[in-house]
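**Q** turn this into a model:
(chains A and B)
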Amino acid sequence: MGTNSAQTQLDLLVLTVLSRRGPLHGYGIAEAIETLSADALRIDEGSLYPALHRMEEAGWIAAEWTITENKRRARLYQLTRAGKKQLASETERWTAFSAGIARVLRHA
Amino acid sequence: MSWLSRLRNAIAPQRLDEDLHDELADHIARRAASLRSEGVSEEEAHRRARVKFGNATQIREQSREIRLASILETTLQDLRYAWRGMIKSPAFALTAIGSLALAIGANTAIYSIVDAALLRPLPVTEPDRLFRLATPQIQDDEKATASDRTSFSYPEIEMFRRAAGNSARLALFSYGGQIDIQIPDSDAPYEHAVRQFVSGDAFDILHVPPALGRVFTTAEDRVPGGHPYVVLSYDYWQKRFQGDPRIEGLRMQIWGKPYTVLGVAQKGFSGVEPGKFVDIWMPAMMFSTPALSEPGWSWFQILGRLSPGATGTQLQARLQPVYSATEAELVKRFPTMPATIQTQFRKRSILVYSGATGASSFQTTFARPLWIVFGVAAGILWIACANAAGLLLARSTARAPEIAMRISIGASRARLVRQLLTESLLLSLIAGACGWALAQVAAPAMVPMLSSDSDPVRLGLAMDTRALLFCAVVSALAVVVFGVLPAWQASRAQPMRELRGARSHAGKLRLGRVFVGVQVAFAFTLTIAGASFLFSLKNLFSVHTGFNPHNVAVVDVSTELSDVSQKPELNVFADDLQRRIEALPGVESAGLAQRGAMFTGRESSYQVIVPGRRPPDREEYAVSVSPRYFSALRLPLLAGRDFELRDRDDQLQSPRPTIVNQALARSYFGAADPIGKTFQTPDSGKLVDHLIIGLVSSAPFDSLRQGPQAIMYGVERGDNYLTLYIRSRLGLGSIVSMVERESRATARACATPPPWTHSSALRCCGNACWPASEASSRCSACCSPPSDCSAC
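**A** Residues are numbered from 1 along each chain as shown, chains lettered A, B, ... in the order given. Okay, here's the model as predicted:
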């Protein structure tokens, strides 16, 4: 994921949320992103899932099935070791990128 | 996601769909619940939740693709990687694939033979409703384990049919035998064909329809000798007549009588005996007339079909009482029969076995050896798997740094195991393909080892889906056996230690030792088994036969007359034939024996009653031989004289001139000179007197394992079934063609129907021999464990 595309940004958000809050289901992740960004980042809630599944296939996050209090099946995601490494390198990249943008905005 | 659940996804995608659906539904439900808690109505909450979620179907599709594509991609990646790995170390790959391919090939080849001979059901509808009948063999030694008797007589099948009533239908199937036929008339050259006599209802009972014309019906069951019709097998029709549609009504000459072709049986049906392909079916009514009434003449097997609802046990319960009654009757007619034998007859049961896979002596003879060979092949597969596992383990040791590197940069353990298993799978796939190719060649090459000149074995070795499935399952099992442990072991590599270059492989060493242990254990077992076969063979080499078996050809000559009463012209035929053969250039000597000849598996035996002594508990073999039989076999005449032709006339009077061997003389007359002594044998309720005129050296009769047997020899009289023993340095082929020529010439001179011959050389384990035609059945008797048949 070399580019700073929307997809990469979503990945970064998801990984960050999971690293701070521990295991969460998809709804929990979506809600966390929404509240934390104070609704600044508006995403279609559904589009979160293909991203989750892609990251799961990449081995960054792992999932397991649980049964909710309403007897529904729910999927709980958590960060893997590979995911932590990914998060570290993505964060670094993002920081450098946003610092670059900020510099340009300041000095242009 | 673990590789196991990925595999499950690939195999059952609907499970994946379900999971996706549940996950998305959970999300929407949670969102709706949260909206409701803000006071939104139930319905509105759901609507808004769905809107906020977006296009659920499209999202599901996207996720689905991600999952499946990833499975496919990583699999391809693994395969490519595995392939590169194999190319990089070709020695490893070739060794592993080679040993696995040999083992898989051997297993598949033997399986295809086992399947064709023992497992594959007859190609008829509802084969599992078929049954066959058998009874325990009566034996001198009650502890001996002889195979069941499966031959029955015509009065017996009639009795069983009545007793079975409407619970089952019973059909008659004679044993497939070779005949010489002429097409279309007696001016045409002779050609060989395999014939089988069947009752008229046999085709109907098996549900075998005609492919052309018609098959037999009960109409062919009426008049003895009155139904000169034949039905051809599809295979024979295609091969001999190129599938000519005008085959109906074609005439052919069998034993000098014209027969008409009625039709062709259904494609794929070649009789009920696996191992034998019948060319021509003849109505049972066309067999010898006495065979249709004599209770002592057992010449066919009984195969039948249970009526709907009836069971084998019920049928057995119906047949047993009538069978017990006839056997009790039989015992009453032979009051001098030894007590142990009498009890066996009285207690004799009738057995109802499944007939789904047909009924053949081939199955009886070879079932055990085939299963043993199959077991040996399985053992070899274990060795090959352990070998491959050992190689993989060694390779993973060499690759430990690489694996450690991959673990330390974040490869998951499951991913690594999967990668290594893909390598094993690739190895096994290639080995399976090579093994399959090997089996195609090996299986047909193995059949002749079970076969002999006069008793050719032919198996329908279609390399079909069953064999392919077996091959695939064996290959897959091999992966599990040889791939899983090394892969698991390799994935446990500890990156830090590996990368530092520390070499502590205690676990690997332990596992390696297990693989070596498995290999050694199986190899040891197989070597011991092989050695014991060899020792058994070596012992047989040293058995003293009492005669010189080298350069002796054995040729059966039969006239298959429809009347076996001892006609004078048969005497003339036998004498004339012997003289003609003896006069041939290259023939040193020739002798004849009648029916119960040495090592032919046919026998008759009587009690030897010495005047003034109690009748013994056992019976001794009786063989009828011609003059000069002993000199032909070089069985030394120790005292007295050989038979002469005039002895034949005395044979009908009393006392009969008889030659005994040393073993018999010793047990009945001790050290005394037996020449001139007399004894009696019971025959048809009367006692026959014998006068001993000669003493010959001892010889084993039926099995080399039993050592020399007591034998009494009478003089041979003309018979439909004669066995020629010809001492000559000529090849078997030229001897046979000479015998065929001479026997036809003799037949013309004596005005008997043309005979057929079937031949074999005496095959020897050192001094020990039997005709090759009997080698198959003999092997099981003489070389046990019997899987050294090929060596015999």
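**Q** show me where the stretch 501-650 of chain B has its helices.
**A** If you assign secondary structure with DSSP state H, counting those that start in this stretch, the helices in the stretch 501-650 of chain B sit at B:506-541, B:568-583, B:629-633, B:647-651.
**Q** swap in the stretch 351-500 of chain B?
**A** So, for the stretch 351-500 of chain B - with DSSP H, counting those that start in this stretch - the helices run B:361-398, B:400-408, B:413-450, B:465-491, B:495-499.
**Q** could you dump these into CSV with distance to chain A and mean pLDDT added?
**A** No exception for glycine: its C-beta is placed from N, CA and C like everyone else's. Compiled in CSV, the helices of the stretch 351-500 of chain B are given as follows (distance: least, CB to the nearest CB, whole Å; pLDDT from 0 to 100):
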stretch, distance to chain A, mean pLDDT
helix B:361-398, 22, 81
helix B:400-408, 10, 76
helix B:413-450, 7, 83
helix B:465-491, 15, 77
helix B:495-499, 12, 63
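**Q** can I get the ones you listed in TSV with mean neighbour count?
**A** TSV is the format used below for the helices of the stretch 351-500 of chain B (neighbours: other CB atoms under 10 Å in any protein chain shown):
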stretch	mean neighbour count
helix B:361-398	20
helix B:400-408	17
helix B:413-450	20
helix B:465-491	19
helix B:495-499	15
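**Q** make TSV from the ones you listed and add distance to B:E716 to it.
**A** Conversion of the helices of the stretch 351-500 of chain B to TSV gives the following (distance: least, CB to CB, whole Å):
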stretch	distance to B:E716
helix B:361-398	26
helix B:400-408	80
helix B:413-450	32
helix B:465-491	49
helix B:495-499	85
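**Q** contacting residues for B:G176?
**A** When contacts are counted by CB atoms under 8 Å, 6 or more residues apart in numbering or on different chains, B:G176 is found next to B:194-196, B:271, B:273, B:276-278.
**Q** need the residues of chain A near chain B, please.
**A** On the criterion CB under 8 Å from any CB of the partner chain, chain B has as its neighbours in chain A the residues A:25-27, A:30-31, A:44-47, A:49-50, A:53-54, A:56-57, A:59, A:62-63, A:68, A:70, A:72-75, A:80-82, A:85.
**Q** just the buried residues from those, in ChimeraX please.
**A** One line in ChimeraX is enough to select the buried members of the residues of chain A next to chain B, burial here meaning 16 or more other CB atoms under 10 Å in any protein chain shown:
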select /A:25,26,27,30,31,45,46,47,49,50,53,54,56,57,59,62,63,74,75,80,82
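**Q** now whichever helix in chain A runs longest: how far from the chain's centre is it?
**A** Using DSSP state H to assign secondary structure, the helix with the most residues in chain A is helix A:81-107. The gap between where helix A:81-107 is centred and where its chain is centred comes out at 14 Å by CA atoms, centre = their mean, to the nearest Å.
**Q** run the angle between that helix and helix B:413-450 for me.
**A** With axes from the mean of the first three to the mean of the last three CA atoms, to 10 degrees defining the directions, helix A:81-107 sits at 140 degrees from helix B:413-450.
**Q** pull out the buried positions in helix A:81-107.
**A** Along helix A:81-107, these residues count as buried under the neighbour rule (16+ other CB under 10 Å): A:82-83, A:86-87, A:90.
**Q** elements contacting it?
**A** Counting contacts by 3 or more CB pairs under 8 Å, 6 or more residues apart in numbering or on different chains; DSSP states H and E, helix A:81-107 packs against helix A:6-21, helix A:48-58.
**Q** in a markdown table: the ones you listed, plus mean pLDDT.
**A** As requested, the helices and strands packed on helix A:81-107 are exported to a markdown table (pLDDT from 0 to 100):
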| stretch | mean pLDDT |
| --- | --- |
| helix A:6-21 | 86 |
| helix A:48-58 | 87 |
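**Q** deepest of those helices, which one?
**A** Each of these was given a mean neighbour count from mean count of other CB atoms under 10 Å in any protein chain shown, and the largest, a mean of 22, is that of helix A:48-58.
**Q** report the angle between that helix and helix A:81-107.
**A** Note on geometry: by the same axes, to 10 degrees, helix A:48-58 and helix A:81-107 are set 120 degrees apart in direction.
**Q** what sits closest to the residue most central in space within chain A if chain neighbours are left out?
**A** By CA atoms, centre = their mean, chain A has its centre lying nearest to A:V14, at 1.1 Å. Excluding its sequence neighbours, the residue lying closest to A:V14 (CB to CB, 6 or more residues apart in numbering or on different chains) is A:I29, at 5.9 Å.
**Q** what's the neighbour count on the one you found?
**A** Number of residues near A:I29 (other CB atoms under 10 Å in any protein chain shown) recorded here: 23.
**Q** doesn't A:A51 make contact with it?
**A** No - using CB atoms under 8 Å, A:I29 is not in contact with A:A51, being 9.6 Å away.
**Q** anything in contact with each of those two?
**A** Listed as contacting both A:I29 and A:A51 by CB under 8 Å, 6+ apart are A:V14.
**Q** any weak-confidence spans in the stretch 501-650 of chain B?
**A** Confidence mapping of the stretch 501-650 of chain B against pLDDT under 70 gives the ranges B:501-509, B:540-546, B:549, B:558-569, B:595-603, B:650.
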